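In: need a structure here:
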Amino acid sequence: MLIKFLGGVREVGRSAIYLAGREKRLLLDAGVMLSGRQVKYPMHIPPREVDGIIVTHAHLDHVGAAPIFFISGVRESFLTSLTAPLAKLILLDFIRVSKETVPFEVLEVDRFISKSRKLGYQEEFSRNGFKLVFLSAGHTPGGGQVLLELDGRRVLYTGDINTIETTLLKGAYTDYPPVDIAIVESTYANKNHPPREEVEASFVRKLSETVERGGIALVPAFGLGRSQEVITILAKHDFPHNVYYDGMARTVTEILFDFPEWLSNPDLLEKAAKQVTWITTQRQREGALKRPGVIVTPAGMLQGGPVNFYLKEVGKSDRNLIAFVSYQVEGTPGRLLLEKKIVTVDGKLAKVKAEVKHFELSSHSGKDQLEELISRIKAEKTFIVHGDSDNCEKLAEYARNRLGLDAVAPELGESYTV
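Out: Okay, the predicted model is just below:
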């Protein structure tokens, strides 16, 4: 079996891994990387050399390039039943807001989703010696690990994984069968997250302090997953102040109501959705800035979305707060704001007066959890991906030195025959 790493190695973004067996050639994810105003795609592979694409979840860094393979010819894709509608929503929004030409159109998105096999967790798809099962990943609604049997070898690709239960999702499934080849993420291989209950309490307390001093707390959050988690945390803690809910997060929440069994606490999401004020017009956005409260809105790294409208006003006063709740990739506007308190307003760099804080409500496993995960999988051949170069190497070293595994952190474009 040939394995070639086309993206998402020694970096976070544009995940794409090519597997070529004797009879089946597959792509595990096909994502993009949003770096500043630039969109980076995986290394090229001719679509005619890909028989099918398996997508772990609907974040753009894992699905953003998938429609390219449906421009010509008929391809096949595999997604979970919940990832399918979410991926379509995310991709159509990507086309709409992209500042440069996306190399596919609505037709290809429709073809990609319509040609997909939509599977539930633990539901096996089998054909001519090729078997596929999605296992829950705990990272984002509908997200799945890929358990694949090809040419008599069993491959596990974790995608993005979180083994800890949150207010939105149960922790990842980790009762694995014997695995020959593992491909494991390493986003936080260098650090442990603080206890989640403590982070949630600190987050709610800080938002309350901001509102009570007459300020606005702006929470930039991914429309898929993180926004819903934020409002469920506030509902869980009976947050007493105004909460405004804007952008794609509204549509995602409506989709999740159709898949309650995929959530850890669907009743809590329903309670949260009833307590927030759903913003649907520009006039409502302007109104939300006129009184103290919390505004939850995409985008999580400030790359487009309604958040940039709010930033102009929220950033002007030290009474206000900008609360990041997710990883800020290097080179993104969110990372710049977090590290230097600088944003781009109307094409010009501006210093932000508002308080800026980061809360580790991560949807990725931390260091100890990743090491425990590797030891549970214990695949003889292990590839470490989806992290900066140091983190990929750290986790590979742990697997080699502590567990005795044949583990590597691939470079971009490297191929292995296993």
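
In: rest of the way, CA atoms for contacts and neighbours
Out: Fine.

In: Before we go further, residue 311 is sitting in a helix, right?
Out: Yes - assessed with DSSP: H, G, I helix; E, B strand; the rest coil, residue 311 lies in a helix.

In: roughly how far apart are the closest residue to it other than its chain neighbours and residue 302?
Out: Take residue 311 and drop its neighbours on the chain: the residue closest to it by Cα to Cα, 6 or more residues apart in numbering is residue 218, 7.9 Å away. Distance, residue 218 to residue 302, using Cα to Cα, to the nearest Å: 11 Å.

In: For residue 201, grab the count of nearby residues.
Out: The tally of other residues near residue 201 (other Cα atoms under 10 Å) stands at 13.

In: and stretch 335-349, how far from the chain's centre?
Out: On the basis of Cα atoms, centre = their mean, to the nearest Å, stretch 335-349 sits 23 Å off its chain's mean C-alpha point.

In: who's in contact with the nearest residue to residue 186 once chain neighbours are set aside?
Out: With sequence-adjacent residues excluded and distances taken as Cα to Cα, 6+ apart, residue 186 is closest to residue 387, at 4.9 Å. Taking Cα atoms under 8 Å, 6 or more residues apart in numbering, we find residue 387 in contact with 8, 9, 10, 11, 12, 185, 186, 187, 188, 189.

In: Go through these and name the one nearest residue 366.
Out: Of all the contacts of residue 387, residue 188 has the smallest distance to residue 366: 5.1 Å, by Cα to Cα.

In: Grab the nearest non-local neighbour of that closest one.
Out: Residue 188's closest residue in space is residue 366 (Cα to Cα, 6+ apart), at 5.1 Å.

In: Isn't that neighbour up against residue 195?
Out: No - Residue 366 lies out of contact with residue 195 (Cα atoms under 8 Å); the separation is 10.8 Å.

In: which one of those two has more residues nearby?
Out: With neighbours defined as other Cα under 10 Å, residue 366 and residue 195 compare such that residue 366 has more, 22 against 10.

In: residues contacting that one?
Out: With contact set as Cα under 8 Å, 6+ apart, residue 366 has these partners: 187, 188, 189, 190, 191, 192, 193.

In: pLDDT score for it?
Out: pLDDT recorded at residue 366 is 96.

In: Can you tell me the element the nearest residue to residue 344 once chain neighbours are set aside falls in?
Out: The shortest distance from residue 344 to any non-neighbouring residue, by Cα to Cα, 6+ apart, is to residue 350 (6.0 Å). Secondary structure assignment for residue 350, by DSSP states H and E: strand 348-351.

In: elements contacting that strand?
Out: Packed against strand 348-351, as judged by 3 or more Cα pairs under 8 Å, 6 or more residues apart in numbering; DSSP states H and E, are the following elements: strand 342-345.

In: buried ones in the strand it packs on?
Out: Using 16 or more other Cα atoms under 10 Å as the test for burial, strand 342-345 gives 342, 343, 344.

In: can you pull up the bridge partners for the last one?
Out: Note on residue 344: beta-bridge partners residue 349, judged by DSSP bridges.

In: Report the contact partners of the spatially most central residue of the chain.
Out: Per Cα atoms, centre = their mean, the C-alpha nearest to the average position across the chain is that of residue 59, at 4.6 Å. By Cα under 8 Å, 6+ apart, residue 59 lies in contact with 87, 90, 224.
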